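Colleague: Sharing a model that was predicted from the sequence below.
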Amino acid sequence: MRIGIYLMNKMLLPYDIVGGSFWLISVAMIGATLFFFFERSKVHVRWHTPMTMIAVVCLMSSVHYFFIKNLWVVSGSAPTLLRYVDWFLNFPMQVLIFYAMLMSVTKVKQGMFWRLLVGTLVFIIAEFLGAAGYMSKTLGFIVGLVGWLYVLGELYVGEAGRANAKCGNENIQMAFFSNRLILTIGWAIYPMGYFIEHLGGGIDVNSVNIIYNLADFLNKIIFGMIIYKAATQDTKSNV
Amino acid sequence: MRIGIYLMNKMLLPYDIVGGSFWLISVAMIGATLFFFFERSKVHVRWHTPMTMIAVVCLMSSVHYFFIKNLWVVSGSAPTLLRYVDWFLNFPMQVLIFYAMLMSVTKVKQGMFWRLLVGTLVFIIAEFLGAAGYMSKTLGFIVGLVGWLYVLGELYVGEAGRANAKCGNENIQMAFFSNRLILTIGWAIYPMGYFIEHLGGGIDVNSVNIIYNLADFLNKIIFGMIIYKAATQDTKSNV
Amino acid sequence: MRIGIYLMNKMLLPYDIVGGSFWLISVAMIGATLFFFFERSKVHVRWHTPMTMIAVVCLMSSVHYFFIKNLWVVSGSAPTLLRYVDWFLNFPMQVLIFYAMLMSVTKVKQGMFWRLLVGTLVFIIAEFLGAAGYMSKTLGFIVGLVGWLYVLGELYVGEAGRANAKCGNENIQMAFFSNRLILTIGWAIYPMGYFIEHLGGGIDVNSVNIIYNLADFLNKIIFGMIIYKAATQDTKSNV
Amino acid sequence: MRIGIYLMNKMLLPYDIVGGSFWLISVAMIGATLFFFFERSKVHVRWHTPMTMIAVVCLMSSVHYFFIKNLWVVSGSAPTLLRYVDWFLNFPMQVLIFYAMLMSVTKVKQGMFWRLLVGTLVFIIAEFLGAAGYMSKTLGFIVGLVGWLYVLGELYVGEAGRANAKCGNENIQMAFFSNRLILTIGWAIYPMGYFIEHLGGGIDVNSVNIIYNLADFLNKIIFGMIIYKAATQDTKSNV
Amino acid sequence: MRIGIYLMNKMLLPYDIVGGSFWLISVAMIGATLFFFFERSKVHVRWHTPMTMIAVVCLMSSVHYFFIKNLWVVSGSAPTLLRYVDWFLNFPMQVLIFYAMLMSVTKVKQGMFWRLLVGTLVFIIAEFLGAAGYMSKTLGFIVGLVGWLYVLGELYVGEAGRANAKCGNENIQMAFFSNRLILTIGWAIYPMGYFIEHLGGGIDVNSVNIIYNLADFLNKIIFGMIIYKAATQDTKSNV
């Protein structure tokens, strides 16, 4: 006879800041999902796919956080490794939004699509293999870093960067510029977190969760808001 | 062997007024969410973003209340501190509806957006830090109060107030006027509640919950209904 | 160690007619909600708000019944007092549908809105206060009755009745006539139930639940179907 | 201290064919619901109400099967009597789809609506009263049979049949013909099942559930697919 | 007294790769469902039905994976036999997408519809009967194989293949070509998995689940993405 463990006490404590941050981000993701889906109908059709993509990112994230929040409530634990599920799905989606934006105003070669996708997958899969112990932790870190930097290179000085520079749509350029910054600074949290957790001195697991939760607010919701802002301004100047 | 605690008896008591008020507000929020989302399609496109925003406010609130109602049923406790999750997300959304309304009919500078956002965040974060004990309770109260008053100042006599005065759309002015009143009188519940709970003599936790639940009916649903009314009238006079 | 009570046996009994009626009405309400939301897109825009309102009534009712059905399954009890949550939200919505219908075809003064709303609230709040013991049971009954009769008066011979008589839209008049009848005869169940339960000899709690559940089928779903019928006929004669 | 019974082992057995058929049909109903709701937007407006109706039938059925599947998992039992909840709501809806189709292309008298509705209700209520023991099992069977045959009579040789014969829309006639056949042959399962269970020698309860589940695939999803097919063909020939 | 078994520990282990792959695929399916449903509104009406179909495939799959993921969490077991529920519903849907695409641009005989449907059903039902032990495992394998090869034959050299070759729409031809390849190579996993599990030496049940989960990513989501890509390109070249 085994009995299920439903311990809700943790969530009840007013000072469970970690649980609160899971709660916050799961509610925020649901709100963001619906916001992007509904406002999508209002913007120029050129922005429909990027808006759908960011909405789907928030949706998948909200489902993921709903699962992980329950896990936290039940067990008081939310291992970083489970976040790879979310990252594996949402990182490629987010990087490909750059491609989708460019494609809506200019001709881009399909090679860019594959380079961005593969770079992101290398980033996330190498980190996962390292973190889960299927690969040397150092090697996983380095290969992952290379993948991330490759994507940034493509967006700054590669074909994507150049296509953006001459696409002639300043709203797309604004979104491209701002979100590339988020990919540079905001996403730095992931290799940094990896380094500290696996190669550095380790870190308190509660802090890790709070930091990652807040990072997701920037890296997904603010990321999406920037696309939304560009979309509305572009729509206005096209009417 | 730990066993989950599912005590439903509280909810069963006909005289559990607190549980009833959670039940009521969670159902009301779901209804309001759908009402605003569906009626959004009917109003002038200028009102789509404010309508989406208020719908998302109600949606996030409904998810929040769904969580908190279950907590109440399970444990008979619903600490005020958890409400900050809701407030942290919904207060900025609601204050920015003023900005969204103005922007739909007139040119407004982006500075207003940031002032409203930062003022609201100061309000809610300072109160949270005080209430959770990360900051002196008195200091949290005072800083929070300043944030709230700053937002009101912006809406009454600041740039937002002036932009509203000369925006030339009487329906927006009506919604602006009424909802500013809700922000003044209805929202006074939050610093007052904070003061009584943390600086005054304290208060029965049941009364706190009932009062906050009813306050949310005013501060979110009636708030939204006023926007909806302005939106429908404006749509009618534009056809 | 307290343990949650999940007793499903009741629902399993083929002869649990009460549980079956909860099951039935909760499924019916979900179906009705979606029916009204989807068919709304098909009718004349003048009918969109009444259709949204009746859909939201059914939606809030479905959430409410979902909660209360679970309560019944878990505990074998579903106190009438919990129904006030549903009534408090849905009665005003339903009464205001009359106002929304009139407003779509003719000019009506806002006073009617407030009279209908306040009358309904007096009705439901007085009954609640009486039933919950915050007020003399007799007084609650009488004040509630007055509120209900006042609403009926407004709809029959008051401004609402007169506005309907001369609104010139026979489909609205048909819906007005039929649903006013539901408010007269169907809603009589509520003061009657109150009287029997609190002032008369009492009644078997199972019968109460079955009767209220079936009454909701008439008072919400048939009520909505009448609006839908008027809406489709009106749409047809306008094409 | 009573403890809830959550026995999932049944579902785990690869050979639980009954549980599998509940699982199958509940997933299928959800898929069918969304399929009909989304494809509705594509067909001629004349078909919107029949499409909504069949989607709502599948929706209510999916909620019902979701409930009943959980019951099966928890208790290993799913009494036929609970199916009357589903039948009570969905049979009238399905029969009235014939009326809705005719009404979209020709003038039909309201009497047909009431005859179809009352006939179906007699069918289902009499069977229910018999099965639940509120009426002689034989009488319930006979009265139910009369209701069903009356509906068939109306559809074959009654006013509905005649209106269909001269409605002049061959797609509606095709759907009318095919679905009338389903009502004749597919629905024969219900009186037959009743007869075997209550008047004949009885039947293994597992076989009953599998047969009814598969029957619902024909009687609801294939039924809906036929309407959908007629709707798309009719739409194509009208463009 | 029997007690439900809710053992969440499995999911908590960072190294539960099987559980993680269920988690991943269930989140991915929900995201894909919404992506296809929303982007459907953007593509040419000719593509609406294929888009709806692939969205419904992902939806039914997501519900299925939601069930099966919970099963895994609760019991640490997810028997392959349960996947037949998913396959029984989704395989025919996917194969019929070929038919739906052809029908949108050219005249196709209904016989093709039935041949594709029956071939797929033979494939899946024979495998099921073999796997569940209702038929010789070898016979089930062979008959299933014949069904699958028959479908492939129809798509490559049969009427479907010929209709595709001369349909004159290169986007449909691209989707037809790519997805036929998925049906050839990606779907080979199913007879191969059957062979290894039932006729070969057997295989570790964990590996089976991971492989099937990843296969579903290809066979459903990538399959859908190819349709989506063809749909958007076709829409662009038609504007």
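Modeller: Here it is on my side, so go on.

Colleague: what's the host helix or strand of residue A:177 packed up against?
Modeller: According to DSSP states H and E, residue A:177 maps onto helix A:170-181. Here helix A:170-181 touches helix A:83-105, helix A:137-156, helix A:159-165, helix A:223-238, going by 3 or more C-beta pairs under 8 Å, 6 or more residues apart in numbering or on different chains; DSSP states H and E. (Glycine included, C-beta is placed from N, CA and C.)

Colleague: Turn those into TSV, columns for mean neighbour count and mean pLDDT.
Modeller: What follows is the helices and strands packed on helix A:170-181, written out as TSV (neighbours: other C-beta atoms under 10 Å in any protein chain shown; pLDDT from 0 to 100):
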stretch	mean neighbour count	mean pLDDT
helix A:83-105	22	93
helix A:137-156	18	95
helix A:159-165	18	91
helix A:223-238	19	92
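
Colleague: right, is stretch A:138-150 up against chain E?
Modeller: No: in terms of C-beta under 8 Å from any C-beta of the partner chain, no part of stretch A:138-150 sits within range of chain E; the closest distance is 14.5 Å.

Colleague: Dump the C-alpha coordinates for that stretch into PDB.
Modeller: Coordinates of each C-alpha in stretch A:138-150 appear next as PDB, following Å, rounded to 0.1, in the frame of the first residue of the first chain:
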ATOM      1  CA  THR A 138      32.400  20.900 -19.200                       C
ATOM      2  CA  LEU A 139      31.900  19.700 -22.700                       C
ATOM      3  CA  GLY A 140      28.100  20.200 -22.500                       C
ATOM      4  CA  PHE A 141      28.700  23.800 -21.300                       C
ATOM      5  CA  ILE A 142      31.200  24.600 -24.100                       C
ATOM      6  CA  VAL A 143      29.200  23.000 -26.900                       C
ATOM      7  CA  GLY A 144      26.000  24.700 -25.600                       C
ATOM      8  CA  LEU A 145      27.800  28.000 -25.500                       C
ATOM      9  CA  VAL A 146      28.900  27.600 -29.100                       C
ATOM     10  CA  GLY A 147      25.400  27.000 -30.200                       C
ATOM     11  CA  TRP A 148      24.100  30.100 -28.400                       C
ATOM     12  CA  LEU A 149      26.900  32.300 -29.800                       C
ATOM     13  CA  TYR A 150      26.300  30.900 -33.200                       C
END
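
Colleague: List the contacts of that stretch.
Modeller: Outside stretch A:138-150, the residues that touch it by C-beta atoms under 8 Å, 6 or more residues apart in numbering or on different chains are A:115, A:119-124, A:126-131, A:135, A:187, A:190-191, A:194-195, A:198-199.

Colleague: Selecting buried members of those in PyMOL, what would you type?
Modeller: This is how PyMOL selects the buried members of the contacts of stretch A:138-150, with burial counted by 16 or more other C-beta atoms under 10 Å in any protein chain shown:
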select buried, chain A and resi 115+119+120+122+123+124+126+127+128+129+130+131+135+187+190+191+194+198
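
Colleague: What about chain B: which of the contacts of stretch A:138-150 touch it?
Modeller: Counting by C-beta under 8 Å from any C-beta, no member of the contacts of stretch A:138-150 is near chain B.

Colleague: quick one: average pLDDT of the longest helix along chain A?
Modeller: Across chain A, the longest stretch assigned as helix under DSSP state H is helix A:48-75. Across helix A:48-75, the average pLDDT comes to 89.

Colleague: is that helix up against chain C anywhere?
Modeller: No: on the criterion C-beta under 8 Å from any C-beta, helix A:48-75 is out of touch with chain C, staying 14.1 Å away.

Colleague: who's in contact with residue A:180?
Modeller: A:98, A:152, A:155-156.

Colleague: right, and residue A:194 touches residue A:128 too?
Modeller: No: between residue A:194 and residue A:128 there is no contact under C-beta atoms under 8 Å: 9.9 Å.

Colleague: quick one on the thing from earlier: can the helices and strands packed on helix A:170-181 go into JSON lines with extra columns for distance to residue B:160?
Modeller: Shown next, in JSON lines, are the helices and strands packed on helix A:170-181 (distance: least, C-beta to C-beta, whole Å):
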{"stretch": "helix A:83-105", "distance to residue B:160": "32"}
{"stretch": "helix A:137-156", "distance to residue B:160": "37"}
{"stretch": "helix A:159-165", "distance to residue B:160": "35"}
{"stretch": "helix A:223-238", "distance to residue B:160": "19"}
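
Colleague: The nearest residue to residue A:202 once chain neighbours are set aside and residue B:154, how far apart?
Modeller: Counting by C-beta to C-beta, 6 or more residues apart in numbering or on different chains, residue A:196 is the residue found nearest to residue A:202 once chain neighbours are left out, at 7.2 Å. Using C-beta to C-beta, to the nearest Å, we find residue A:196 at a distance of 41 Å from residue B:154.

Colleague: ok, now how distant is the residue nearest to residue A:202 from chain D?
Modeller: 40 Å (C-beta to the nearest C-beta, to the nearest Å).

Colleague: So for that residue, what's the pLDDT?
Modeller: The model's pLDDT for residue A:196 equals 87.

Colleague: I'd like to know which residues of chain A are adjacent to chain E.
Modeller: Residues of chain A lying near chain E (C-beta under 8 Å from any C-beta): A:1-6, A:37, A:40, A:45, A:48-49, A:52-53, A:55-57, A:59-60, A:63-64, A:67, A:71, A:74-75, A:77, A:79-82, A:84-86, A:88-89, A:93, A:132-133.
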